[in-house]
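> I'd like to go over a predicted model; first the sequence, then the structure.
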Amino acid sequence: MFEANDPNSIQLTADGQLRHFLTTEGLPRELLIEILDTADSFVDMGEQQVKKVPLLRGKTVANLFFENSTRTLSTFELAAKRLSADVLNLNINTSSTKKGETLKDTLMTLQAMHSDMFVVRHADSGAAHFIAQHVTPNVAVINAGDGRHAHPTQAMLDMLTIRRHKGEFAPLKVAIVGDILHSRVARSQIHALRTLGVHEIRVIAPKTLLPRHIEALGVKVYTEMASGLRDVDVIMMLRLQKERMQSALLPSEAEFYKLYGLNRDKLAYAKPDAVVMHPGPINRGVEIESEVADGPRSLILDQVTNGIAVRMAVMSKAMSGQLSQRAATDNASREA
Ligand code: NCD
């Protein structure tokens, strides 16, 4: 674990613009809406013949992935390319013991190559924050998932997907289902949903997969699907994070599927027009039945498409935040 201070003191400029994107926690509602509005325009652009804009032309984006990923890495890569940046993908496997030092060395090397933005995925909570504290002032850092802590671009692509299908956030009841305990996605979703003002946020999980004091985040807790899914508009499934489970928290996958796996019968508890989401990768027959995952109510592939647009929005905002910060610093030093 790395130490973390108030995230907004580091992720926002003095005039409230985004300069790093580390967490959805505590970000103002207007900023989340701005990201969604910008992303919306990029979704439309993704459907055009020419999918590129020059917003990041001449900039270098380094994708630093200390943990494996397919969709997050490839959508960040595409997002950077559609903004006309040069992109460097680095898959770095580290041993868990010597991260602090390795990380600093890696950073210095990449800074020497004049990277303008680091997109970071790391198995340790707080890693992106740590990097943001140690980069030179002109480098923007985007968190692509740190340990159990946060996965803010995933949460924002989920918000975009909800808004494009449901319109307003205020009337919605949203249920997040499964391995809440190990999920950085759930945490980032909860903060974003709250800030965007949804009517009710529920979490549904066996007791062993619920973090202690989760209610403090403003959610209602359910341990079974029948009552938890009743009348919800949106169902957000999570993957069982087996790689993060240190002890036997589950009797068996078959038992989990029986109680919490989303099939047609359980889907019937929700509203008739409820939509189903999952960040992927999905485990068919563990969290979700194929019939539901591939069915008409599933937005799983829309989430992937929207992920490119949201990542383009976040990258372009962070880059303009960096530039305005630099201009302000230059002015201040000229006046001094
Ligand atoms: C999520 C992640 O890596 O946190 N997946 C993703 O970003 N596509 C969720 C998961 O791995 O379960």
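On my side now, so go ahead.
> element containing the single nearest residue of the stretch 101-250 of the chain relative to the ligand, please.
Relative to the ligand, the nearest point of the stretch 101-250 of the chain is Arg239 (3.2 Å; CB to the nearest ligand atom). From N, CA and C alone the C-beta is placed, and that goes for glycine too. Arg239 belongs to no helix or strand when elements are defined using DSSP states H and E.
> one more: the one 10 residues further on?
Assigning secondary structure by DSSP H and E places Leu249 outside every helix and strand.
> how near is it to Leu209?
Distance, Leu249 to Leu209, using CB to CB, to the nearest Å: 6 Å.
> more crowded one of those two?
When Leu249 is set against Leu209 and neighbours are counted by other CB atoms under 10 Å, the residue ahead is Leu209, at 23 against 17.
> so the more buried one makes contact with Ile180?
Yes: using CB atoms under 8 Å as the test, Leu209 is close enough to Ile180 to be in contact (5.9 Å).
> next one, pLDDT for the residue of the stretch 101-250 of the chain closest to the ligand please.
Looking at Arg239, its pLDDT reads 96.
> Ile288 is in contact with that one, correct?
No: taking contacts as CB under 8 Å, Arg239 lies outside contact range of Ile288: 9.5 Å.
> mutual contacts of those two, please.
Where contact means CB atoms under 8 Å, 6 or more residues apart in numbering, the residues bridging Arg239 and Ile288 through contact with each are His278, Ile282.
> neighbour count winner among those two?
Taking neighbours as other CB under 10 Å, Arg239 and Ile288 compare with Ile288 leading, 29 against 19.
> chain neighbours aside, what residue packs nearest to that one?
Sequence neighbours aside, Leu262 is the residue nearest to Ile288 in space, at 4.7 Å (criterion: CB to CB, 6 or more residues apart in numbering).
> so who does the one you found touch?
Shown in contact with Leu262 (CB under 8 Å, 6+ apart): Val177, Ile235, Met237, Val276, Glu287, Ile288, Glu289, Val292.
> these in strands, which ones?
Using DSSP state E, Val177, Ile235, Met237, Val276 are the members of the contacts of Leu262 that sit in strands.
> Asp330: which of the residues you listed is nearest?
Using CB to CB, Met237 comes nearest to Asp330 of these, at 47.7 Å.
> list the contacts of the residue nearest to that closest one when sequence neighbours are not counted.
Residue nearest to Met237 in three dimensions, not counting chain neighbours: His278, with 4.3 Å by CB to CB, 6+ apart. Residues near His278 by CB under 8 Å, 6+ apart: Met236, Met237, Leu238, Arg239, Glu287, Ile288, Ala293, Ser298, Ile300, Gln303.
> and stretch 18-31, how far out from the chain middle?
In terms of CA atoms, centre = their mean, to the nearest Å, the centre of stretch 18-31 is found 12 Å from the chain centre.
> for it, which positions count as buried?
Taking 16 or more other CB atoms under 10 Å as the neighbour-count basis, stretch 18-31 is seen to contain the buried residues Leu18, Arg19, His20, Phe21, Leu22, Thr23, Thr24, Glu25, Leu27, Leu31.
> what's the answer for stretch 41-50, then?
The neighbour-count criterion (16+ other CB under 10 Å) identifies Phe42, Val43, Met45 as the buried residues of stretch 41-50.
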